[in-house]
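Novice: heads up, no residue letters with this:
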């Protein structure tokens with residue numbers, strides 16, 4: 001899944017997004033702005049699931065009761081975290097301020 005796609009690209013057979021379409025998101029932001037409400041998108045970068053393929057990366061095990069405490073040595077693991085975004089074609093999404 002392309003977390004920043006606003007329905008512009010066919011992703012795994014669908015264009016549905018958690019944000020709605022680009023037009024819907026911009027409309028909601030405009031209405032909020034007209035009412036004096038600032039918009040803050042609370043999205044965590046690099047939280048990815050459902051990749052197109054697996055890739056190798058380095059990770060460390062952590063304690064189940066305290067994920068801030070390491071419980072073993074760093075090691076290579078494999079996960080479904082590689083995204084190809086083939087449906088973007090030659091389009092590139094750029095971060096921009098919508099205000």
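Specialist: Happy to help now that I have it. Nothing here was measured: the structure is a model prediction, and the numbers come from that model.

Novice: can you give me the helices in this protein?
Specialist: For the chain, the helices defined by DSSP state H cover 22-34.

Novice: so where's it shaky on pLDDT?
Specialist: 1-16, 18-19, 43-50, 87-99 (pLDDT under 70).

Novice: For stretch 65-79, measure first residue to last.
Specialist: Using CA to CA, to the nearest Å, one end of stretch 65-79 lies 23 Å from the other.

Novice: How many neighbouring residues does residue 38 have?
Specialist: 8 (other CB atoms under 10 Å). Placement of C-beta: from N, CA and C, glycine included.

Novice: Run through the strands of the protein in chain order.
Specialist: 53-59, 75-82 (DSSP state E).

Novice: possible to save the ones you listed as TSV with mean neighbour count?
Specialist: Putting these into TSV (neighbours: other CB atoms under 10 Å) gives the following:
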stretch	mean neighbour count
strand 53-59	10
strand 75-82	12
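
Novice: Go through those strands and name the closest to residue 69.
Specialist: Closest to residue 69 of these, according to CB to CB: strand 53-59, at 14.5 Å.

Novice: Residue 32: which of the strands of the chain is closest?
Specialist: Between the strands of the chain, strand 75-82 lies closest to residue 32; by CB to CB that is 33.1 Å.

Novice: partners of the closest one, with directions?
Specialist: Partner strands for strand 75-82, per DSSP bridges, with pairing direction: strand 53-59 (antiparallel).

Novice: ok, residues contacting the strand it pairs with?
Specialist: With CB atoms under 8 Å, 6 or more residues apart in numbering as the test, strand 53-59 has contacts from 74-82, 84.

Novice: Kindly indicate which of the residues you listed lies nearest residue 38.
Specialist: residue 81 (32.4 Å).

Novice: In contact with the closest one, which residues?
Specialist: So, once contact is read as CB under 8 Å, 6+ apart, residue 81 ends up touching 48, 51, 54-55, 57.

Novice: Let me have the contacts of strand 53-59 in JSON lines, extended by distance to residue 37.
Specialist: JSON lines is the format used below for the contacts of strand 53-59 (distance: CB to CB, whole Å):
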{"residue": "74", "distance to residue 37": "44"}
{"residue": "75", "distance to residue 37": "46"}
{"residue": "76", "distance to residue 37": "46"}
{"residue": "77", "distance to residue 37": "42"}
{"residue": "78", "distance to residue 37": "43"}
{"residue": "79", "distance to residue 37": "38"}
{"residue": "80", "distance to residue 37": "37"}
{"residue": "81", "distance to residue 37": "35"}
{"residue": "82", "distance to residue 37": "38"}
{"residue": "84", "distance to residue 37": "37"}
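
Novice: Lovely, talk soon.
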